[in-house]
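**Student:** Would you be able to build a 3D model of this:
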Amino acid sequence: YLKKANEVYGTLIIDNNNFLTPEDVITPINENVTLYLNNLTIKRYGKMGITLPNSTLVIMDVRNISGVSQNNTVIVVNKNLTFANHTSIINLTLTIYDNGMINNLSNNLTLAGLRYVVNESSEFNNKTNLTIEAGAILELGKSSGEVITLGNLLIKSRGNVTHSYNPTGSTEVYRINLTIAGNLTIEAGGTMNVSGRGYRSCYGPGATSASNYPAGSGYGGIGSYYSSTTYPGGRPYGSITAPTNLGSGQPGTGSCSSSYSSGGGAVILTVGGTTNITGSIEANPAFVSEGVGATGGSIYLTTGTLVGTGKLTVDGFYRTHSDWGAGSGGRTAVILTTGNSFDSVSITAMGGYSPSYGTFQQGAAGTVYLKKANEVYGTLIIDNNKATAGAVTTLINESATYQLDTINITQYGSLEFGSNVTALYISGNLTFYQ
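**Tutor:** You can find the predicted model right below:
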């Protein structure tokens, strides 16, 4: 702690000489202490903690906090961090644990050069206009049912919004679930990326049993076979018109190797105004050394209008790994509440593809559902990017009646009506492309 004669509160320095400590080994403020500072410097893997009972840190100006990078500069908060003035810019790693609260944020908040984690009890002001600058990561760690409400969200080039990795097991815990009253803008190079944050390897409703390992997992379609037609892939699950599930992980034996891939995560967005995507929203499997069998995840976007030249992807793996089966694509639904054009945004749910192997090692396409404001039922697209798959995309809801304006089956997509589908009504066109 250093204090000059001309300073009111002085400077605190947390410096750990480049020694990385376990996550919970930190330098905390004492219990029942409110610490006022003019300046705070955290460097070389130092970690400042506001974690003990009734501990509070008051920073007079956020611009007087300095750190090296988002990877080795951390403030851990599960009590109170207060800025004396309304704060518009945070430019260091800030990890917000349960019950953590940042006080005195302005309605226009910019996250710059940090990894910012929002857990169960942390909140944004629901009028916040949030900007994610280059190099910044906003990680949402709220459980699946909780919605974060914002005014507007802007993700700049090299900015990223994601959700926390889901834990090992059969429970869906984390998703991105945002309600944005105004506009969502993702600039070129910016992303909302939850790839590999779905079910871990060996888990998920579409993961095959160990006896069928390593056939591909299913979600939007059926996973592909392993070794010709000997071991079938996993089955589909979830909703075509309102997808919210995580993608299934790569099947495996009981040991579940860490080199196997996790499925894609899930993104649920409700945007009152315009969604402008020049960057990307991605919920693909994780790319790992032996990964091929996991599936894409979910993107469920409801927005007034959609513009841009970017992409939405819930694709399976594109990779060769022996004759292992590839996972299916995931599920995407885009519903426009006032607009009638999807502009030039690319929207894909292609199955996993193993280019050096045959038909039966290719995963089935997932589902893309698009509905314009002037449509009653919307369009279903089955597109497998010219990969001839032995697996198919299946309508699977039990005793379900499907109503659609249009179905487009293209680029070697295959659509199967399961035994429990009671009726399919198409008010417009059923179209097949090569």
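**Student:** now stretch 163-172, how far from the chain's geometric center?
**Tutor:** In terms of Cα atoms, centre = their mean, to the nearest Å, the centre of stretch 163-172 is set 12 Å apart from its chain centre.
**Student:** Please save the CA atoms from that stretch in PDB.
**Tutor:** The C-alpha coordinates for stretch 163-172 follow below in PDB (Å, rounded to 0.1, in the frame of the first residue of the first chain):
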ATOM      1  CA  HIS A 163     -22.100 -19.000 -21.400                       C
ATOM      2  CA  SER A 164     -20.200 -21.100 -18.800                       C
ATOM      3  CA  TYR A 165     -19.200 -24.600 -19.600                       C
ATOM      4  CA  ASN A 166     -21.900 -27.100 -18.600                       C
ATOM      5  CA  PRO A 167     -20.700 -29.600 -15.900                       C
ATOM      6  CA  THR A 168     -20.200 -33.200 -16.600                       C
ATOM      7  CA  GLY A 169     -23.500 -35.100 -16.300                       C
ATOM      8  CA  SER A 170     -27.000 -35.300 -17.800                       C
ATOM      9  CA  THR A 171     -28.400 -31.900 -16.600                       C
ATOM     10  CA  GLU A 172     -28.600 -28.800 -18.700                       C
END
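**Student:** What lies in contact with that stretch?
**Tutor:** With contact meaning Cβ atoms under 8 Å, 6 or more residues apart in numbering, stretch 163-172 is reached by 117, 139-141, 144, 173-176, 194, 196-200, 203-204, 245-246, 262, 265-266. For glycine as for every other residue, the C-beta is placed from the backbone atoms N, C-alpha and C.
**Student:** Flag every buried residue along that stretch.
**Tutor:** For stretch 163-172, the neighbour count (16 or more other Cβ atoms under 10 Å) marks 163, 164, 165, 166, 172 as buried.
**Student:** Am I right that residue 165 sits in a strand?
**Tutor:** No - under DSSP: H, G, I helix; E, B strand; the rest coil, residue 165 sits outside any strand and is assigned coil.
**Student:** Show me where the stretch 301-434 of the chain dips below the pLDDT cut-off.
**Tutor:** 318-323, 354-361, 386-399, 418-422, 432-434 (pLDDT under 70).
**Student:** do that again at 90, thanks
**Tutor:** Across the stretch 301-434 of the chain, the ranges flagged by pLDDT under 90 are 316-327, 351-364, 383-404, 407-434.
**Student:** Ok, the stretch 101-250 of the chain next?
**Tutor:** Applying pLDDT under 90 to the stretch 101-250 of the chain flags residues 101-128, 131-148, 158, 164, 168-170, 201-203, 206-217, 221-235, 250.
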